[in-house]
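No sequence on hand, only this structure:
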């Protein structure tokens, strides 16, 4: 991502916004008039609709302030993909308090594969292609998918899988093995499916995080783990959630403790989360040194270096009954 002085950035941004701000205001009026805020499930349909709205505003000459642009984006729930187009030097995402227009931390490694025009859907599956490079297609599974016919999964074009080792109960704090963990590990090995594993954390301090890492290490003995071990901690709304009062500092220390323990055992790590979790629940600059598994079901955009992008929980794959999480992986990318 290119570097330029901040004052030049601001001037360029102001000029650009003075031209395109009319797009937002007119889009808002059109959206309100024709009731298209009820989007179709098809992401392609949403994008096509927004493109059409932009075309319809080309002849308008209405100018609004930058702050109004941001306010309308939040108030009317416009897709972050729409707003992101006009703020390439910012990261537009849905945070805990609405749409955020975050400054990109230029001291961190950026994502070289972050071009919207290089993302494609093929038979309902997202992939990224730039020149000769094409991303990998993966899934992540747990007991929720039940029995899986891994031979059929592989035949359906799946390149890799992440398998849940287990989880810690959010109310009582006890650790449990996933009921299908051993079966999934044996069957993926049998068909030659590359795998990674993940643990759903319920740790409330660094000691418990280290215990979770040790739990994972004890259960992967004897199995080949091809990809980084993932730490997965998420927002849980239940009133008896042990983690509900953890601070950003505490959550960050927990994630680091888990990853460091895994790293010390000779394995690489990856931290799972959506934008608001990675940027607001954790201190991102402190965890960026570990791999990132980014979850965004709206569209593909992440300004920092990452290893995977989970883009839907509603994928369909031969050999799996019902829906499954789908991912694109960049493990095969070399700059």
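On my side now, so go ahead. As the structure is a computational prediction, the values presented were derived from the model and not from experiment. Numbers count the residues shown, from 1 in each chain.

contacts and neighbour counts: CA atoms only from here.
Noted.

Count the neighbours of residue 241 for me.
Neighbours of residue 241 under the rule other CA atoms under 10 Å: 16.

show me the contacts for it.
Applying CA atoms under 8 Å, 6 or more residues apart in numbering to residue 241 gives the contacts 170, 171.

Assign it to helix, strand or coil.
Here residue 241 is coil, with the state taken from DSSP: H, G, I helix; E, B strand; the rest coil.

What separation is there between it and residue 326?
Per CA to CA, to the nearest Å, residue 241 is found 27 Å from residue 326.

before we move on, what about residue 290?
21 Å.

More neighbours: those two, which one.
Legend: neighbour count by other CA under 10 Å for residue 290 and residue 326, higher for residue 326 (25 against 21).

pLDDT wise, what is the more buried one at?
pLDDT recorded at residue 326 is 97.

Test my guess that it contacts residue 312.
Yes. Using CA atoms under 8 Å as the test, residue 326 is close enough to residue 312 to be in contact (5.5 Å).

For residue 93, which three-state class applies?
Three-state call for residue 93 (three-state DSSP): strand.

Near it, how many other residues are there?
Residue 93: 24 neighbours (other CA under 10 Å).

how about residue 249, what does it touch?
By CA under 8 Å, 6+ apart, the contact set of residue 249 is 282, 283.

List phi and psi for the residue positioned nearest the centre of the chain.
Nearest residue to the geometric centre of the chain (CA atoms, centre = their mean): residue 295, 1.9 Å. Phi and psi for residue 295, reported as degrees, to the nearest 10, are phi -110, psi 120.

cool, the one 3 residues further on as well?
Backbone geometry at residue 298, expressed as degrees, to the nearest 10, gives phi -90, psi -60.

now residue 83
Phi and psi for residue 83, reported as degrees, to the nearest 10, are phi -70, psi -40.

For it, give its distance to residue 106.
21 Å.

repeat for residue 95
Between residue 95 and residue 106 the computed distance is 20 Å (CA to CA).

Name the residue in those two with the higher neighbour count.
residue 95 (17 against 12).

Name the nearest residue to that one, sequence neighbours excluded.
residue 276 (4.7 Å; CA to CA, 6 or more residues apart in numbering).

gap between the one you found and residue 259?
The gap separating residue 276 from residue 259 is 20 Å, by CA to CA.

The two: who's more crowded?
Set residue 276 next to residue 259 and count neighbours by other CA under 10 Å: residue 259 wins out with 26 against 17.

Might one say that residue 149 is in contact with residue 317?
No. Contact criterion CA under 8 Å: residue 149 and residue 317 do not qualify, at 10.1 Å.

any shared contact partners between the two?
Common neighbours of residue 149 and residue 317, counting by CA under 8 Å, 6+ apart, are absent.

Between these two, which is the more surrounded one?
Under the neighbour definition other CA under 10 Å, residue 149 and residue 317 were set side by side, and residue 317 has more, 20 against 16.

Great, nothing more from me.
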